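> got a predicted model here, sequence first, then my questions.
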Amino acid sequence: LPVCDIPSEIQMLEKKNQAFRFQYIQKMRADFSKEKNEENLDNILEFSKRFIELNQRMNDEDYVLREAKGLRDQTLFLSIQWVWRDCRKLTEGYAQLGSETQRYAAIDFFVRRAESTTQRDEISQLVCFSHAAGEKSRTANDADYLVRHTLLLASLLSTQLLEVTAGWEGVFKISNIDGPLQDETTQLKLILFSTGGEAGIVASLSHPIIRPNAYQKVSFRGTPDVLSSPQSFASQTPSTIELRFNGDYSQLDGSFLEPRALRKTSFQAVREVSVPNSTPTPCKEDDILGEYEVAVAGLKGIFAIQNTASKQLAGAFESSAGELRLPFSYGKYNPATGRLTFLNSQANVPLGWRLLAESTSESGCVLSGWGLSTLNGVSYPLHMKKTLQTSD
């Protein structure tokens, strides 16, 4: 350990002058500035706290105390970065950091690593931490930019949780629902899919005729078994939704709250369509661009994909006879999983195409998945192969 006998070391330092103590702690900061071992960091953290108590007892000047607090904060920061992965320890360490700048740096570390975090349990703990850190910063009257950064972290982690959790997306048939919609269960559908963008997860309680209850920015609430939203974005009556899945995502219990009517409606649903979220052989980003042959609701046509900006795509389907055209102004591809999403956002994101781009030796890049309408609950399978390119 860096300090084998903390009480003896504190006793020795008590007999020295403050210049010696300053140089001693300054050297420790330099020697352990990149430490990642948990036992060593725990030892340094305990020693730094005892050293600060010594500084205060000896009435050392501010420069010595600042250096001691610097060692403590450095060790806390390293522990937050590399060691602690449970919500409680992360939150306690975050609250002990000595400045707003350090708290921002701690959050920013996880923001930059969010997309590379792949363990579900770790993501769930970090989601919990991001919410708790936001509360700590609000209590500490930190600047708004820091609180916003904690919200950004929560959003990024929720999105990443989608990437590593299979089985929740697709179509659910409503098996039971409270209230006046009880007679409509044969036609009521719950549509769920990730947009991969600012709209987050889209959820819609849809019917072929009745106006849907549609929601955006639905997110996992700390665990991949519970989804909830802040408010509806397409319903006439603002409301919130919560969904609790069973273990294999084949069934769920849900509820939505309409604040104006002060009414909570509960429902149950069973899976009807499952949308896969990854393939072991994803296509390269450049390979997904081009034109594909596909049939939509029995109408054959061409779906064209092109780049619009860095990491952003657009697509358009047009039937061969021209009777149907579907523009998709937003598209996103994850080359690590093969997840490909297109949104038609003309009416508050009513239509999403959730596809997988799979690289095959026979046909090159093949797209398959589902079209999911939040407007009327319609879903249809999609299978696409690239058109043959002829040279001029």
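Looks like it came in fine. Numbering: from 1, shown residues only.

> return the distance of the least confident helix or strand in the chain by mean pLDDT from the chain's centre.
In the chain, the helix or strand scored least confidently by mean pLDDT, DSSP states H and E is strand 213-220, which has a mean of 82. On the basis of C-alpha atoms, centre = their mean, to the nearest Å, strand 213-220 sits 13 Å off its chain's mean C-alpha point.

> hang on, isn't residue 109 packed against residue 78?
No. Contact criterion C-beta atoms under 8 Å: residue 109 and residue 78 do not qualify, at 10.4 Å. Placement of C-beta: from N, CA and C, glycine included.

> looking at those two, which one has more neighbours?
residue 78 (22 against 14; other C-beta atoms under 10 Å).

> the more buried one should be in a strand, yeah?
No. Going by DSSP: H, G, I helix; E, B strand; the rest coil, the assignment for residue 78 is helix, not a strand.

> got a list of what it touches?
By C-beta atoms under 8 Å, 6 or more residues apart in numbering, the contact set of residue 78 is 34-36, 41.

> ok, 6 Å please
The contact partners of residue 78, taken as C-beta atoms under 6 Å, 6 or more residues apart in numbering, are 35, 41.

> could you find the closest non-adjacent residue to the residue minimising distance to the centre of the chain?
The chain has residue 158 as the residue nearest its centroid, 2.1 Å off, counting by C-alpha atoms, centre = their mean. The spatially closest residue to residue 158, leaving aside those adjacent along the chain, is residue 219, at 4.0 Å (C-beta to C-beta, 6 or more residues apart in numbering).

> kindly report the same for residue 138.
Per C-beta to C-beta, 6+ apart, closest to residue 138 is residue 147, 5.9 Å.

> kindly report the same for residue 326.
Closest to residue 326 by C-beta to C-beta, 6+ apart is residue 317, at 4.4 Å.

> near that neighbour, how many other residues are there?
Residue 317 has 23 nearby residues by other C-beta under 10 Å.

> tell me the SS of it?
strand.

> point out where this protein drops to low pLDDT.
Counting by pLDDT under 70, the chain contains low-confidence ranges at 222, 230-238, 259-262, 346-349, 388-392.

> ok, which stretches of the chain are helices?
Counting by DSSP state H, the chain has helices at residues 6-14, 18-31, 38-57, 62-82, 87-96, 100-113, 120-139, 144-164.

> now the ones you listed in TSV, with distance to residue 332?
Output for those, formatted as TSV (distance: least, C-beta to C-beta, whole Å):
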stretch	distance to residue 332
helix 6-14	52
helix 18-31	43
helix 38-57	37
helix 62-82	29
helix 87-96	29
helix 100-113	19
helix 120-139	19
helix 144-164	10
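
> picking up where we left off before, and the angle from the least confident helix or strand of the chain to helix 120-139?
100 degrees (axes from the mean of the first three to the mean of the last three C-alpha atoms, to 10 degrees).

> what helices or strands is strand 213-220 leaning on?
helix 144-164, strand 201-206 (3 or more C-beta pairs under 6 Å, 6 or more residues apart in numbering; DSSP states H and E).

> tell me the helices and strands packed up against the longest one.
What that stands for is helix 144-164. By 3+ C-beta pairs under 6 Å, 6+ apart, helix 144-164 packs against helix 100-113, helix 120-139, strand 213-220.

> the shortest one now?
For strand 201-206, the elements it packs on are strand 189-194, strand 213-220, judged by 3+ C-beta pairs under 6 Å, 6+ apart.

> dump the longest one to CSV, restricted to CA.
Listed in CSV are the C-alpha atoms of strand 213-220, where the atom choice follows Å, rounded to 0.1, in the frame of the first residue of the first chain:
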residue,chain,number,x,y,z
ASN,A,213,-51.8,8.2,-27.6
ALA,A,214,-48.2,8.8,-28.8
TYR,A,215,-45.2,9.5,-26.7
GLN,A,216,-41.6,10.5,-27.3
LYS,A,217,-38.5,10.7,-25.2
VAL,A,218,-39.5,7.5,-23.4
SER,A,219,-36.5,6.1,-21.6
PHE,A,220,-35.4,3.2,-19.4
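
> let the chain start at 59 from now.
With 59 as the first residue, the last one maps to strand 271-278.

> now do the buried residues in stretch 410-430.
For stretch 410-430, a neighbour-count test (16 or more other C-beta atoms under 10 Å) marks 410-417, 423-430 as buried.

> please disregard the earlier target; I meant stretch 271-291.
271-283, 285-287, 290.

> which outside residues touch it?
Residues outside stretch 271-291 that contact it (C-beta under 6 Å, 6+ apart): 182, 185-186, 216, 219, 223, 257-263, 292-293, 296-303, 432.

> hmm, which of these are the buried ones?
182, 185-186, 216, 219, 223, 257-263, 292-293, 297-301, 303, 432.

> what's the most distant pair in the buried residues of stretch 410-430?
Farthest apart among the buried residues of stretch 410-430 by C-beta to C-beta are 417 and 430. That separation is 24.1 Å.
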